[in-house]
Each structure stands twice: as structure tokens, then as C-alpha cells.
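>>> sharing a sequence plus its predicted fold:
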There are 2 protein chains.
Amino acid sequence: MAAQKRLNREELITTALAVADAEGLDAVTVRRVAQLHDVTPMALYRHFPDKEGLLVALAGRLLGGAVVPEPDDRPWHEQLRDLLSSFVDALRPHPNAALLVFNGMVTTEPGLAVTERALELMAQGGMSVERSAETASQILGSLVALAIAEPGRDLGPDPEANEDAVRAKRATLLALSPRRYPRIVAAADTLAACSDRELYFDRGVDLIVTGIRDAARAEAAAAH
Amino acid sequence: MAAQKRLNREELITTALAVADAEGLDAVTVRRVAQLHDVTPMALYRHFPDKEGLLVALAGRLLGGAVVPEPDDRPWHEQLRDLLSSFVDALRPHPNAALLVFNGMVTTEPGLAVTERALELMAQGGMSVERSAETASQILGSLVALAIAEPGRDLGPDPEANEDAVRAKRATLLALSPRRYPRIVAAADTLAACSDRELYFDRGVDLIVTGIRDAARAEAAAAH
DNA sequence: CACTGTGGTCTACAGCGTACACAGCCGGTC
DNA sequence: GACCGGCTGTGTACGCTGTAGACCACAGTG
């Protein structure tokens, strides 16, 4: 973040992402990013049309991290699983910014690439064009939500504060009336923070993929 | 919105929701809500600790619309389906504000009620406490996303502007290279706006429920 | 040399959330 | 009826936000 004249679009995106990761999306302000480059706020406007433009570029950066696996000989649903896993893996490191990809999915190149491949795989599974497009819209949100709403990730810049927040949340849940909310009280630990992150995401993706498989089967059956 | 001294908490929430519905969540400002009640901005602070408090109350209002169906004799997954449908139905009329329920799910009474019932039904399906809690976290996001990301709902206060936006989006997709993105181009209509809203939401919920059923079956099988 | 486009600067403005001190009205008690 | 304490709305003020508009320093080109 050294003082250098002639600032660079990609580096601006990088520091914006860093700020979002560290302190949340609200902390990404024009002034803040500018200051981290020792530059006047207005300087950013030579590289982005407005703040929205910066955020769209941020979404593009996130989506760029989602590599589309090469097609292979395995069944379509296994390849779809890998594709979706790759997608959430790209978002997971940046949960604060993940919301932005909602807007960038069909306006950035990487977003289009992922969408295209997903549609292709669903077609291989026998889904109609309309149905696979509809399904794509539905699961996009689910995947983003998966990355954002990982239990045990709340506020708190440092891990220490985060741990405090988790403990507080757990305590809140345990303090509920066991008569009214017996299951919630029993599940307080898991609701406050998932024990195994990898398992959490794997199962989340699996849940979606099995849902899609079933939809494909049902559609094929309906067409007898 | 007549001038009346002695303003009322619930009415403040109502107008905040109305503003969010009409112009988006960003349009909900303390000053704006106050003005609609012919009152100084600071007056709101007698009824909410801060703006965040207002938004949490807004989330509570949304969740309050989700009625928990009475238990009956049908299989657990059918009842779960109805519960989740009721949940998204409560959010659908207010897509701009739906994001807020992420925070209010375990801090508001209605959110707890829905969660408790969902956990109960999954337990009936043979799921372990941990697994059902994990699943609850995963699907919450999916349901919210479903309500928010309905295709064909973007910006534009009036239906006319919305229709314009849809047409523009469709045109953008159709303008893509058919060599690179053949499926996307073919599916442009469905991606830009879903043809049947009811079907869209029904299938979205079905996708999730079948995913859960499968997870329950798999867990039962693993425990042989 | 003058000309032109590019990119950073400076100033300014309207709008945001909200801290703090104050004023009016309300209901309850002598 | 007189008083009084607490609730509720008011006024002012501060520091923050995004960004419009005029300005200037420099590079490359004729």
C-alpha cells in the first residue's frame, strides 16, 4: 500500500476487498480506499464510474476465483457438484463481499462461464432449457447464502472477538425456555458454530445437488 | 401518515417497511421515516436504540408473517414443505427487506418458532440433533435467497420500469456470443424473468425439501 | 513549440446517523 | 388545585458519506 503515483485499477480492487474482509462491506468507502493509496478520494473516479462500479468490479474479482473444472467422463451430477463446490470455495474466503455476486453473475465474464457450464451439465442430466435456467437462478442464491451465513462467523475483526460473539450467541440460545424451544436449546452448539467447516459446505452443496438430480429425474419421468 | 403527536412503534415499522418495499432498503433512513410522520429524526430514538434496532424490528415484522402450520398426520416432509413455503411466502412480498431476517432468525420470537418447528420435523424424519441444526442453517439462507433473487425483479419502483429492466436484461443476454455461451443465450427468457412465479417458488422449496429428505435417508442408512 | 488527453487535486454540497441539552405534556400524589 | 417526575418530541451540532465541477501537472504527438 505504498505511496505511488499512477494508481492501478486492479490494486484498488484488491485493497477494497481487503477492507471488506477485515471490517465488512460497510467499511469499504471511497475515502478509505483512497487513503490506503495515499490519494484523494476523487482519484478513484478516474478508474470507476462511481462507487457502485467499484463494487461490481469487486464481484468480478470474487467470481474470477471460481475455476470451471474441465469436463470429464464422470456422471453429470458429480461434475456439477465439483463446479458448485468450486464456486462456493471462491466465495468462502470473502463472506462479507459475497453478497455482491448477486449482481455480477450475468454481467461479468467469470460469472457467465460458471452459469454456462452449469446449464450445460443440467442439460446433460436431461433437464429442459427452461427448467435448468430456473434451477440455476434458484441455486445461485443458495450457494451465495451458504458462503455468507456460515454459522460461527459474525462480527469481530480478530478471531478472538469472533469467538466471544459465538460464545455469546450460544449462551443466548441456551438461555431460551426449554419448554418452548426444546430443540433449539438442544442444538445450541451446532446453531452457534458449525463443528466442521468443510463438512458444512460439502453437505450444503450435496443437499442442493441431490435436489437438482431429483428434479431432473422427475422431469424425465413426467415426459415419460 | 397524518400528523399526529405521540408516534407509535408499530406504525414506524410499517412505514419503514413501506419505504423499503417502494424504493429499496437504502431508502430507509432515519430522516425519511421521521419525515413521513411529521416528526424530527431524533424522535425515532425514543422508540429504537438506533437505526440497527429499527431494522431488527423490521426483520421481526417480516418473520411475524410466517405462520407455523399446526402439526397433522401427514408425513414429516410434507409438513416441512408447508412450513418452508409459509416462510418464503412471508418474505416474498418484501424482497428488499428479506435480507434482514438473516440477523433476526434466532433473536426474534417468530424466527425462533419457525426454527423450532423445522428442527422438530427433521427429528421426526430421523435426523440427529446436530445434523438437523446444521441443515437448518443451510436452508435458511436458501429460502431467503429464493425470496430475494426472484428473476425479473430488479430495480424500478413502478411495474413499468421493472418491465423495462427485464427487457434490457433479456436483450443483454441475447447479445452474448452464441459460440461462447450457447446455453445462456438459449435460456435468456427464463433467466431474465421467470414465467410463473408460483411454480418458481414451489419448485425452489421442493428442491430444498428433497435435498433434506435425501440427507435424512443417508444418515439413517449410515447408522444402519 | 503548442495542443490535447489522461489522471490526480481541491473545494464544496447535500445527505447520512446520532450525541447532547432542552422543552412540553402527561399522570400520580399531597 | 398545586406540584412534580418521567416520558417524548425538538434543536443544534458533529463527523461521516458519495460525488459534481473547476483546476492543474504531465506525457505524447503534430
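Received it, and whenever you're ready, just let me know what you need.
>>> and the pLDDT for A:Gly156?
Here, the pLDDT recorded for A:Gly156 equals 63.
>>> give me the angle between the helix ranked longest in chain A and helix B:197-222.
In chain A, assigned by DSSP state H, the helix with the most residues is helix A:197-222. For helix A:197-222 and helix B:197-222, the angle between their directions (axes from the mean of the first three to the mean of the last three Cα atoms, to 10 degrees) works out to 120 degrees.
>>> what is helix A:197-222 packed up against?
Helix A:197-222 makes packing contacts with helix A:76-91, helix A:129-148, helix B:129-148, helix B:197-222 when contacts are defined by 3 or more Cβ pairs under 8 Å, 6 or more residues apart in numbering or on different chains; DSSP states H and E. (C-beta placed from N, C-alpha, C; glycine too.)
>>> recalculate using a threshold of 6 Å.
Taking 3 or more Cβ pairs under 6 Å, 6 or more residues apart in numbering or on different chains; DSSP states H and E as the contact definition, the neighbouring helices and strands of helix A:197-222 are helix A:76-91, helix A:129-148, helix B:197-222.
>>> tell me the secondary structure at the residue located most distally from the centre of chain A.
Ranked by distance from the centre of chain A (Cα atoms, centre = their mean), the top residue is A:His224, with 37.2 Å. Under the three-state scheme (DSSP: H, G, I helix; E, B strand; the rest coil), the conformation of A:His224 reads as coil.
>>> circling back: which stretch among the helices and strands packed on helix A:197-222 comes nearest B:Phe102?
helix A:129-148 (7.7 Å; Cβ to Cβ).
>>> just give me the neighbour total for A:Ala187.
The local packing count at A:Ala187 equals 25, with neighbours defined by other Cβ atoms under 10 Å in any protein chain shown.
>>> how about the residues of chain A by DNA strand D?
Residues of chain A lying near DNA strand D by Cβ under 7 Å from any atom of the strand: A:28-32, A:41-42, A:45, A:50-52.
>>> which of the residues you listed ranks first by neighbour count?
Ranking the residues of chain A next to DNA strand D using other Cβ under 10 Å puts A:Val28 first, with 22 neighbours.
>>> and for the nearest residue to A:Glu116 once chain neighbours are set aside, the neighbour number?
Using Cβ to Cβ, 6 or more residues apart in numbering or on different chains and skipping residues adjacent in sequence, the residue nearest A:Glu116 is B:Tyr181, 4.9 Å away. Burial of B:Tyr181, expressed as a neighbour count using other Cβ under 10 Å, amounts to 20.
>>> pLDDT weak spots in chain A?
Residues of chain A meeting the criterion pLDDT under 70: A:1-5, A:154-157.
>>> domains in it, by residue range?
A:9-48, A:67-150+A:197-222, A:159-192 (automatic domain parsing).
>>> between those, which one is closest to B:Arg203.
Closest to B:Arg203 of those, according to Cβ to Cβ: domain A:67-150+A:197-222, at 6.8 Å.
>>> end to end on that closest one, go ahead and measure it.
The straight-line separation of the ends of domain A:67-150+A:197-222 (Cα to Cα, to the nearest Å) is 34 Å.
>>> how far out from the middle of the chain is that domain?
Centroid separation for domain A:67-150+A:197-222 versus its chain: 11 Å, with Cα atoms, centre = their mean, to the nearest Å.
>>> cool, stretch A:189-206 as well?
The offset between the C-alpha centroid of stretch A:189-206 and the centroid of the whole chain comes to 15 Å, using Cα atoms, centre = their mean.
>>> ok, and what's touching it?
With Cβ atoms under 6 Å, 6 or more residues apart in numbering or on different chains as the test, stretch A:189-206 has contacts from A:84-85, A:88, A:146, A:151-152, A:166, A:169-170, A:173, B:130, B:133-134, B:138.
>>> cool, stretch A:123-139 as well?
With contact meaning Cβ under 6 Å, 6+ apart, stretch A:123-139 is reached by A:76, A:118-119, A:122, A:208, A:212, A:216, A:219-220, B:151, B:186-187, B:190-191, B:204.
>>> of these, just the buried ones, ChimeraX syntax please.
In ChimeraX, the members of these classed as buried (16 or more other Cβ atoms under 10 Å in any protein chain shown) are selected with the following command:
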select /A:76,118,119,122,208,212,216,219 /B:151,186,187,190,191,204
